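**Student:** Predicted model, plus sequence, below.
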Amino acid sequence: MLKAMQAPQGASIINIVSPNVKVFIKWKPPIESWIKLNIDGASKGNPGSVGGGGVFRGHSSKWIKEFSANFEHCTSVKTELLALLKSLWIAWDSGYRFI
């Protein structure tokens, strides 16, 4: 008999690999005066049409900024790196130095 899993407060449950593998995920804010970037890239095919985006949040978990972008036709790994690079440029241009 399967029992329903309860995630700890503030955490989410995701399935990875298979429905039988559960992982608890919890976002933790950065230390004061820092910001945290959460980014992701996606591709339709590998290589294929790609895009990415990200969210910037502060130590109080406040949503600061976000972005999304289309990138050149490339691989999924390159897409993730392009999203990271773009997020770092946006943070730097916005005056953030502790990322």
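**Tutor:** All right, it came through fine.
**Student:** where do the strands sit along the chain?
**Tutor:** Ranges of strands within the chain are 11-15, 22-26, 35-45, 48-58, 63-74, based on DSSP state E.
**Student:** residues of the fourth one that come out buried?
**Tutor:** Within strand 48-58, the residues that qualify as buried are Val50, Gly51, Gly52, Gly53, Gly54, Phe56, Arg57, Gly58, counting by 16 or more other CB atoms under 10 Å. Bear in mind the C-beta positions are built from the backbone N, C-alpha and C, glycine included.
**Student:** and if you look at stretch 63-71?
**Tutor:** For stretch 63-71, the neighbour count (16+ other CB under 10 Å) marks Lys65, Phe67, Ala69, Phe71 as buried.
**Student:** Repeat that for stretch 85-94.
**Tutor:** Neighbour counts over stretch 85-94 (16+ other CB under 10 Å) mark Lys86, Ser87, Ile90, Ala91 as buried.
**Student:** Report the distance from it to the chain centre.
**Tutor:** Relative to its chain's centre, stretch 85-94 lies at 15 Å (CA atoms, centre = their mean, to the nearest Å).
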